[in-house]
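Undergrad: here's a sequence, model it:
(4 chains)
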Number of protein chains: 2
Amino acid sequence: MSARAKAVTLLDVATRAGVDRSVVSRVLSDDPRLNIRAETRERVLAAVRELDYRPNALARSLRTRRADTYGLLIPDFGNPVYASIIQGAEAAAIARDCVLMTGSVGAGATQAAHHLDVIGRGRVDGLLLAGDHTDSSSLDELDRRGIPWLLVNRRLPRARRWVVLDDEEAAGLAVRHLIGLGHERIAHVAGPRDADTARRRMRGWRTAMRAAGLPTPAEALVVSDYTPAGGAAATRELLGRAERPTALLVANIAAAIGTLATCAELGVAVPRELSVVAVHDLALAAFLQPALTTVRTPLERLGERAIELLASTAPDAPIEEVVTGSLELVDRGSTAPPRGAAA
Amino acid sequence: MSARAKAVTLLDVATRAGVDRSVVSRVLSDDPRLNIRAETRERVLAAVRELDYRPNALARSLRTRRADTYGLLIPDFGNPVYASIIQGAEAAAIARDCVLMTGSVGAGATQAAHHLDVIGRGRVDGLLLAGDHTDSSSLDELDRRGIPWLLVNRRLPRARRWVVLDDEEAAGLAVRHLIGLGHERIAHVAGPRDADTARRRMRGWRTAMRAAGLPTPAEALVVSDYTPAGGAAATRELLGRAERPTALLVANIAAAIGTLATCAELGVAVPRELSVVAVHDLALAAFLQPALTTVRTPLERLGERAIELLASTAPDAPIEEVVTGSLELVDRGSTAPPRGAAA
DNA sequence: CTGAAAGCGCTTACAG
DNA sequence: CTGAAAGCGCTTACAG
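TA: This next block holds a predicted model:
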């Protein structure tokens, strides 16, 4: 390890090339209004190469008033669904030569406060909000500070800037698959009542059931959360009913892991006695017992699209986009015709 | 949405309070060499509050030459082991009023190049390297640019700045648990041969076996990777041996998910015919079939400690630390005495 | 065709 | 006790 090297600046390059700093700057930014002799330009570029010069991003941002940085707030790094969103957003940010700063908010409000505070200090050009941490007052605060924001994978009353998946269609696809197998008593392990994604999946379930003339009684829906523990509890409740469902639409793959655990514990054979299908696909799904049938959703695309929209839309223009396409039922064997169905 | 508001600057606050910008700055930084009348200070603080002033982080960093930002490079956001490290690092960064910028490198080298480039532009005060992407030449490059770095969860030849878990002891703890149950043929589903964590866990397995007088033949170790697919393939290979092991130490919990899947597929009952224990604990483990016995490791603490060390150690001083303690065997039922053992 | 100058918003050594 | 000034490393409108 050498001691901290003094960074190379524009002035170092200019001195070496025998020109002014401003010329170097304009050469590097391809300023079209710069008429420079090819020979001089070569000298400048050579100096840049020889000194391995990189412009200081902080100085540039201070001057240009663009941080070339986007923020992304998620609930929890441990949630693989958000991992995919991050990956998409990161790729899109890199494609625009920007940096992505991802922060998690977790349970405590203090971490959210820290992130919003930091963000208020001119570090980001815009903020993607992909968690349950945000309320209208945070959005007002961002507006006051002039920081463009975009809700990702969720909406909020009166907030007209969001990008979401087609949750309703994802749920509908799963339900129609089950109906196609002959199921009629299809229950729904739903997400939290106050989660926008959960409400849209509930609606997808209900709509697809009704379209097939099947009932959706209140007892067929149990609210849960997007964790294995939550899925396990909800499944236990549904399987305790007098009239058991023959199939389950689980609103989230993490919850479905809990569903499979509960079935194993209660000795309910999947898919022979109970079919299970979940929203969102992960590599993990193929290795569960049994391998889990899922609806694949374009989570990475959602993250990508969020950055694209944030970067290209005026801060005061509404954004209301559903990322469609790429929904696909991945049949892995946790779904089958109900017992007693004609073969 | 209002139009982008003009940010409040130091000058705005100073004007309102009727003092010079420098006074405001020194009041806010609690400059001990500033003798100011209590009344003036109050006026300054009132103006700060009324205007809701936040110093521009870019301008401050440019002046102080400290970005108040640390970088963290990981292989992949989808890997839950790294999720825990990120969470620890994020908490430690927040505790120091710093920002954490986490980037993933993935398979492609282009993303690594982008991140190293960005980091060379004065955006971070130091870099945590927690992936398999780093080679000595990247470290040399960072040294040349004067950016302090620290390897996390891995070491590299001749790189004397690292912080790791006690992987050897973690593996040893698992093996001793199996030996305590009466197992003698304990095979090892290892990590990649070039992964430092994998080598340390191999050594832990071997050392604990030898300490008990048990053999560690070459066939008892199969190299794999830290994914379900890798664990599945390695397990298949081990179970195909003429003399099957009665227990498996799997080097990583993600690989162990593959192990359980292969056992289910081959009809090998866990733990009756085969005990399985894995390194690293996740909430998920409790919901696998069967629930997985693991060794809990202080991954969050590793992330925290990495930031602390990076922030508090001179850039040219060596860091060689093993984060010890908190190792714990979490017995969930995937381990049991071997068949035919005395009850 | 290229250079000098101003200024982004801070901090800090110095002046009075 | 407080203010004026310099300067961090850039970019860009302007001068010549």
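Undergrad: which residues touch the residue nearest to A:Glu243 when sequence neighbours are not counted?
TA: Ranked by Cβ to Cβ, 6 or more residues apart in numbering or on different chains and with sequence neighbours excluded, the top spatial neighbour of A:Glu243 is A:Arg185, at 6.9 Å. (Each C-beta comes from the backbone N, C-alpha and C, glycine too.) By Cβ atoms under 8 Å, 6 or more residues apart in numbering or on different chains, the contact set of A:Arg185 is A:220, A:243-247.
Undergrad: between the residues you listed, which is nearest B:Leu51?
TA: Nearest to B:Leu51 out of the contacts of A:Arg185 is A:Ala220 (Cβ to Cβ; 55.0 Å).
Undergrad: and that closest one, how far from A:Ala187?
TA: Distance, A:Ala220 to A:Ala187, using Cβ to Cβ, to the nearest Å: 4 Å.
Undergrad: which residue sits closest to A:Leu329, ignoring its sequence neighbours?
TA: Sequence neighbours aside, A:His177 is the residue nearest to A:Leu329 in space, at 5.2 Å (criterion: Cβ to Cβ, 6+ apart).
Undergrad: state the pLDDT value of the residue of the stretch 201-343 of chain A found nearest DNA strand C.
TA: Across the stretch 201-343 of chain A, the shortest distance to DNA strand C (Cβ to the nearest atom of the strand) belongs to A:Pro315, at 16.9 Å. In this model, A:Pro315 is scored at 92, pLDDT.
Undergrad: look up how far DNA strand D lies from it.
TA: From A:Pro315 over to DNA strand D the distance is 19 Å, taken as Cβ to the nearest atom of the strand, to the nearest Å.
Undergrad: is it correct that that residue is in contact with A:Leu150?
TA: No. Between A:Pro315 and A:Leu150 there is no contact under Cβ atoms under 8 Å: 10.0 Å.
Undergrad: more crowded one of these two?
TA: A:Leu150 (24 against 18; other Cβ atoms under 10 Å in any protein chain shown).
Undergrad: tell me the mean pLDDT over stretch A:25-35?
TA: Stretch A:25-35 comes out with an average pLDDT of 87.
Undergrad: anything in that stretch near DNA strand D?
TA: Yes. Applying Cβ under 7 Å from any atom of the strand, one finds stretch A:25-35 touching DNA strand D at A:25-26, A:28-29, A:31.
Undergrad: what's the helix or strand containing A:Thr262 packed up against?
TA: Under the criterion of DSSP states H and E, A:Thr262 resides in helix A:253-266. Counting contacts by 3 or more Cβ pairs under 8 Å, 6 or more residues apart in numbering or on different chains; DSSP states H and E, helix A:253-266 packs against helix A:80-95, strand A:186-190, helix A:228-239, strand A:247-250, strand A:275-279.
Undergrad: how about a cut-off of 10 Å?
TA: helix A:80-95, strand A:186-190, helix A:228-239, strand A:247-250, strand A:275-279, strand A:293-296 (3 or more Cβ pairs under 10 Å, 6 or more residues apart in numbering or on different chains; DSSP states H and E).
Undergrad: so for the second one, what gets flagged as buried?
TA: Residues of strand A:186-190 classed as buried: A:186-190 (neighbour count, 16 or more other Cβ atoms under 10 Å in any protein chain shown).
Undergrad: need these in TSV (columns: distance to A:Asp167 and pLDDT).
TA: As requested, the buried residues of strand A:186-190 are arranged in TSV below (distance: Cβ to Cβ, whole Å; pLDDT from 0 to 100):
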residue	distance to A:Asp167	pLDDT
A:Ile186	17	98
A:Ala187	18	98
A:His188	13	98
A:Val189	15	98
A:Ala190	11	98
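Undergrad: so which of those is the closest to DNA strand D?
TA: Distance ranking of these against DNA strand D, using Cβ to the nearest atom of the strand, places A:Ala190 first at 50.2 Å.
Undergrad: ok so, going back, who touches both of A:Pro315 and A:Leu150?
TA: Taking Cβ atoms under 10 Å, 6 or more residues apart in numbering or on different chains as the criterion, A:Pro315 and A:Leu150 both touch A:126, A:161.
Undergrad: which strand or helix spans A:Val23?
TA: Going by DSSP H and E, A:Val23 is part of helix A:21-28.
Undergrad: give the next helix or strand downstream of that helix.
TA: helix A:38-51.
Undergrad: tell me the first helix or strand C-terminal of that next one.
TA: That would be, after helix A:38-51 and using DSSP H and E, helix A:57-64.
Undergrad: tilt between that next one and helix B:57-64?
TA: 120 degrees (axes from the mean of the first three to the mean of the last three Cα atoms, to 10 degrees).
Undergrad: what mean pLDDT does helix A:57-64 get?
TA: Averaging pLDDT along helix A:57-64 gives 95.
Undergrad: and for stretch A:134-154?
TA: On average, stretch A:134-154 scores 91.
Undergrad: where's that stretch relative to the chain centroid, distance-wise?
TA: Centroid separation for stretch A:134-154 versus its chain: 17 Å, with Cα atoms, centre = their mean, to the nearest Å.
Undergrad: that stretch and DNA strand C in contact?
TA: No. Using Cβ under 7 Å from any atom of the strand, stretch A:134-154 stays clear of DNA strand C, coming no nearer than 11.4 Å.
Undergrad: next, see if that stretch gets close to chain B.
TA: Yes. Using Cβ under 10 Å from any Cβ of the partner chain, stretch A:134-154 reaches chain B at A:139-149.
Undergrad: where does A:Met101 land in three-state SS?
TA: Assigned by DSSP: H, G, I helix; E, B strand; the rest coil, the conformation of A:Met101 is strand.
Undergrad: and it, what's its pLDDT?
TA: On pLDDT, A:Met101 comes in at 97.
Undergrad: equivalent analysis for A:Lys6, please.
TA: pLDDT recorded at A:Lys6 is 72.
Undergrad: what residues are up against it?
TA: By Cβ under 10 Å, 6+ apart, the contact list for A:Lys6 reads A:12, B:146.
Undergrad: hmm, back to that, residues that sit against both of A:Ala220 and A:Ala187, list them.
TA: Common neighbours of A:Ala220 and A:Ala187 (criterion: Cβ under 10 Å, 6+ apart): A:205, A:238, A:241, A:245, A:248-249.
Undergrad: most neighbours, which of those?
TA: Counting neighbours by other Cβ under 10 Å, A:Leu249 leads the shared contacts of A:Ala220 and A:Ala187 with 33 neighbours.
Undergrad: who does it bridge with?
TA: A:His188, A:Val277 (DSSP bridges).
Undergrad: so it touches A:Ile186, yeah?
TA: Yes. Using Cβ atoms under 10 Å, A:Leu249 is in contact with A:Ile186, at 6.2 Å.
Undergrad: so what sits against both of these two?
TA: Listed contacts common to A:Leu249 and A:Ile186 are A:174-175, A:178, A:205, A:208-209, A:220, A:275, A:277; contacts here mean Cβ under 10 Å, 6+ apart.
Undergrad: nearest to A:Phe287, of those residues?
TA: Using Cβ to Cβ, these come closest to A:Phe287 at A:Val277, 16.8 Å.
Undergrad: A:Ala251 versus that closest one, what's the distance?
TA: Distance of A:Val277 to A:Ala251, given as Cβ to Cβ: 11 Å.
Undergrad: who has more neighbours, those two?
TA: A:Ala251 (34 against 28).
Undergrad: now the residue nearest the centre of chain A. Nearest residue, chain neighbours left out?
TA: Centroid-nearest residue in chain A, with Cα atoms, centre = their mean: A:Ile85, separated by 3.1 Å. Among residues not flanking A:Ile85 along the chain, A:Gly303 sits closest, at 4.0 Å (Cβ to Cβ, 6+ apart).
Undergrad: burial of A:His114, as a residue count?
TA: 19.
Undergrad: the nearest residue to it once chain neighbours are set aside: what's it in contact with?
TA: The shortest distance from A:His114 to any residue other than its chain neighbours is 5.1 Å, reached at B:Ile94 (Cβ to Cβ, 6+ apart). By Cβ under 10 Å, 6+ apart, the residues touching B:Ile94 are A:103, A:110-111, A:114-115, A:118, B:100, B:307.
Undergrad: and the pLDDT for B:Ile94?
TA: Reported pLDDT at B:Ile94 in the predicted model: 95.
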